[in-house]
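# return a 3D structure for these sequence lines:
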Amino acid sequence: MTITTTDTPNKALRHNSLFHTGQAVPEDKRDELHFMVTKKISAIPPAEFVQIFPGTAESDRDGAGQTPGAPLPDPTVNPFANLPKASVEKDMYLNIVDALTNSGLCPNHVFAATPHKGDTSEGSGRAIDLGMYPRHPPPNLGTADEGKFLRTDWSTIEVGIECKMNPTAHDPFDETHDGDEPDAISRRKVLGQILSYLELIAQHQQRTFQYMVLFLGAYARILRVDQSGIFVTNKFKYRGEDGLILAGFFRDLGRASLARRGFDTTATRVSPTSAEGETMLRMKQDIAEGDYIRKMFSESLDEDWPWWKLEVPDETAINNAPAGPTAATGKCDSSKSRSYLVGKPYFQAPGVTGRFTRGYVALDVTDPGRPAQFVFLKDAWRVVSDGIEKEGIVLETLKRRKVKFIPTVLCHGDITGQRSISQDHWQKYHKGKKCELKTHQHYRLVVKEVCKPLDQFRNGSQLALAMWCCLKAHSQAYKLGIIHRDISAGNILLYRTENGKWQGMLNDWELSKTRAQQELEGRQPDRTGTWQFLSVKALDDPTKTIVIEDELESFFHVLLYMAIRLLHHNFDDRDVPNFLRRYFDGYSPRHDGIGCGERKTEVMKTGEVSWWLHRDNKDDKPRKGALKFISPPTENAPTEGQTRKEKSGLSSLQVPAQPNQSPDDDEASHKSEGSQEPSASPSSTAPAPDYNHPLNDVFEKLLSWFKAYYTLQESGGKKPAVKRNVQPRAMTEDALQLSALDEDGSDIASERSDSEDSESSSSAAEDASEDAVADRINRRALKKNAKNLRSHGPILQLFKDAVYDPSWPVADRYPDRKPDKKWKPAGDLVPKQSTFAASTKRPASSVDDLEPPRTPPKRSRA
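Sure thing, here's the model as predicted:
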């Protein structure tokens, strides 16, 4: 089978990324949400809006929301006609709730004012002004305060309602501007605000689309959002004749079926007290030490978060024939689908449009006669386009072609009848323009392997082994003509095999493409991948075709991200959070958007990772230097869970590592979030640091290759450092595991044909001057180093040699230096006037490299 995949558009995000360092300013996150819907907004007449979209027209009524015996409200009566004029926004809340409640438009729903109390299930405290909720089961709205205000419940709200007093300054849409997007800062803030509410609803529920109503002084708008785009009505006066349109919207939506109200009917809410809920809760009992999968599932059972039973069409069982739900009912055919119980998502992508990918550790309960099995379930809205293959088909094909270290598909399929429709109506209202909207199809994929995140590696040797495994998978797929295109710390995982050994797993092939297809398509308008790990060139040029050098650079960024957080090195702990922020989150403003930050660019071009070094005592002045990894001394090993703060007399170069653990229990004491506060002072008798760490050789070589590559792109640069010869090495535990996994022998030999260079060996016509000779020698050295990035062989051999190195310390893992989500940097990366819209002016200088011009605070001696 020939695999054909195509681009899934994705705007790489910084603030909304899982890998953002520290606290993300809400305004910045809202700016990015706005950025994600740029060119996806369409404002249309209200009368046309309610005729186009499901659930909003009289023909959509099916009696689902009609209470038996309840009269249908008079369609000629406008319940908003006599709504009192509010002098403050607070008055609007209760006036509107009273009007909707007394109208009888939605007898099976309740309306509540919730402007001040956020949902207890998430810590942001965000609360929407009003909401339409189902009457049964009753929502968790809490107890009304003295002002009759309740609590927002993101998991049950059906229609969010937001109120603003000023119909212009606080209107989040503007038909006078291209794309119906506002330019004024106050209006842009409101757009970001309502998008953040829509995002919270999508995260807490299983929706196919959403509606929202905006009251703007004497005006109103109705909007609908699906994975493709946003349609919104033009402003209309709700007290006048057009108020009948708004009343009809609520009347008909309240009587429409669940599917026509935007609910995924293949997802059923599970109560913790139900039989299925009790099955899930039993998984929390008697968790064996080292059973990381059951522990992950147990941690997902947050009773403040909705639990679900999800149906997945099994296209693998019916030879790719159409499976599952019908367009009319949205229900899966139980004979061709499988059922899974899930709690809180292990991860979910941000935004209200796009793929909106979610991942769950799931429990397979399809066959009641068999013990429930843990699997990993991915829920996404894939892009539909000619030549696109589903991720499950890509994985199945790669598996048949013997590609190793990738997930094993159990079942997958499209949820029929759940497809975005905004793209179908866009052209009518944008004549003569190219449609920027893509068609998104709801899709689920279940794989056998439940992995744990890379940041839970046991030690540096295991980190290197995982990198080698994923590079191997990438290499084998590349030889088959497939390029992954989304190498990130979230897609390089750790998996324990049936024999108890750990290996790497390269996950998430949703953005993969054929190399041939990339050449046919040429440059693309959307940047793909994860911001923190994209190459310098990919960040600087969003339309760039991703090539092997970009992918290998992304592997390096992942390695650096993990190593600088979790291994011993010579950087000062207190400045690592700032390094993470500058290097991985940094950006440079440009006239047409944003590009790569200066810190990452500098490292690639200079071949050196430099930052603030550890100070040996309180009188040392801050100084910068190159990153070096350290083999910690084996003596003075800490007790489990002990931090440096509790271990006096040790310098940061001797921070107690985690105790040496077996593969069965190494996850027990490793946390993926939060940071340890470094504070202890060094001992006057502390031994000199041991820089004989295998990763130093890996970093030295990789950086020399990237430096050569970028130097050649600019036709200059210095001669890279000479590489050391690789010596035969003894087998460590991870080396033995690699040897067992590596069935095809030498990586250099197996891939040399991919990297042959065509540079000439002739020197007859060379200039005889010393400068010309030196330049020639230097350029040859640069080409030799850069050639190592033209295939996988050299980098695979580099990691193999590193894993075989017998000098790996057995306990070189360090308490995580990445700060928690509450950490605030000394200087903000984002200038106050910045935003992601092209119409906003930006300063010409970079803002990503503001280093702390300070003498660090003195540390007290323990």
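# helix or strand with the lowest mean pLDDT in this protein?
helix 747-751 (a mean of 55; mean pLDDT, DSSP states H and E).
# what comes up buried for the helix or strand that that helix is followed by?
Beyond helix 747-751 on the C-terminal side, the first helix or strand identified by DSSP states H and E is helix 770-786. By 16 or more other Cβ atoms under 10 Å, the buried positions in helix 770-786 come out as Asn778, Arg779, Ala781, Leu782, Asn785, Ala786. Quick note: C-beta positions are derived from backbone N, CA and C, even for glycine.
# and the angle for the helix or strand just after helix 770-786 with helix 770-786?
Later in the chain than helix 770-786, the nearest helix or strand by DSSP H and E is helix 793-804. With axes from the mean of the first three to the mean of the last three Cα atoms, to 10 degrees applied, the angle from helix 793-804 to helix 770-786 works out at 70 degrees.
# and the average pLDDT for stretch 105-119 is what?
Averaging pLDDT along stretch 105-119 yields 94.
# ok, now stretch 603-615?
Stretch 603-615 shows a mean pLDDT of 87.
# how far does that stretch sit from its chain's centre?
The chain centre lies 27 Å from the centre of stretch 603-615; the measure is Cα atoms, centre = their mean, to the nearest Å.
# quick one: buried residues of that stretch?
Val603, Met604, Lys605, Thr606, Gly607, Val609, Trp611, Trp612, Leu613, His614, Arg615.
# and if you look at stretch 277-289?
Gly277, Met280, Met283.
# pretty sure the second one contacts Val365?
No: shown here, Met280 and Val365 do not form a contact pair, counting by Cβ atoms under 8 Å, at 9.3 Å.
# now the common contact residues for those two.
Leu341 (Cβ atoms under 8 Å, 6 or more residues apart in numbering).
# that older thread, dump the buried residues of helix 770-786 into a markdown table; add pLDDT and distance to Gln206 as well.
Converted to a markdown table, the buried residues of helix 770-786 look like this (pLDDT from 0 to 100; distance: Cβ to Cβ, whole Å):
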| residue | pLDDT | distance to Gln206 |
| --- | --- | --- |
| Asn778 | 86 | 59 |
| Arg779 | 86 | 58 |
| Ala781 | 90 | 57 |
| Leu782 | 92 | 53 |
| Asn785 | 95 | 51 |
| Ala786 | 95 | 48 |
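# could I get these as a markdown table with distance to Lys295?
A markdown table is the format used below for the buried residues of helix 770-786 (distance: Cβ to Cβ, whole Å):
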| residue | distance to Lys295 |
| --- | --- |
| Asn778 | 54 |
| Arg779 | 54 |
| Ala781 | 50 |
| Leu782 | 49 |
| Asn785 | 44 |
| Ala786 | 44 |
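# Val450: what secondary structure?
Here Val450 takes the coil state, with states given by DSSP: H, G, I helix; E, B strand; the rest coil.
# for it, which residues are in contact?
Neighbours of Val450 in contact, by Cβ under 8 Å, 6+ apart: Ile293, Met296, Val361, Phe374, Val375, Phe376.
# tell me who's in contact with Phe297.
Taking Cβ under 8 Å, 6+ apart, we find Phe297 in contact with Met280, Met283, Gly343, Val361, Ala362, Leu363, Phe374.
# looking at those, which are in helices?
Applying DSSP state H to the contacts of Phe297, the entries found in helices are Met280.
# Thr156: which of the contacts of Phe297 is nearest?
Among the contacts of Phe297, Gly343 lies closest to Thr156 (Cβ to Cβ), at 16.9 Å.
# any idea how far that closest one is from Lys284?
Using Cβ to Cβ, to the nearest Å, we find Gly343 at a distance of 10 Å from Lys284.
# need the overlap of contacts for the two.
With Cβ under 8 Å, 6+ apart, Gly343 and Lys284 have common neighbours Leu301.
# about what we covered before: most neighbours, which of the contacts of Phe297?
Tallying neighbours with other Cβ atoms under 10 Å puts Ala362 at the head of the contacts of Phe297, with 29 neighbours.
# separation between that residue and Lys295?
For Ala362 relative to Lys295 (Cβ to Cβ), the value is 15 Å.
# likewise Val403?
29 Å.
# repeat for Leu94
Leu94 is 47 Å from Lys295, by Cβ to Cβ.
# can you tell me how far the nearest residue to Asp364 once chain neighbours are set aside is from Tyr340?
Once flanking residues are discounted, Asp364 sits nearest to Gln373: 4.6 Å by Cβ to Cβ, 6 or more residues apart in numbering. For Gln373, the distance to Tyr340 (Cβ to Cβ) stands at 10 Å.
# what's Tyr429 in contact with, if anything?
Tyr429 makes contact with Ser42, Ile44, according to Cβ under 8 Å, 6+ apart.
# please shift the residue numbers so they start at 35 in all later answers.
Done: numbering now begins at 35, and the last item shifts to Tyr463.
# which phi and psi does it have?
phi -100, psi 10 (degrees, to the nearest 10).
# ok, now Tyr167?
As for Tyr167, its main-chain torsions (degrees, to the nearest 10) stand at phi -120, psi 150.
# is it correct that it is in contact with Asp187?
Yes: the criterion here is Cβ under 8 Å, and Tyr167 meets it with Asp187 at 6.9 Å.
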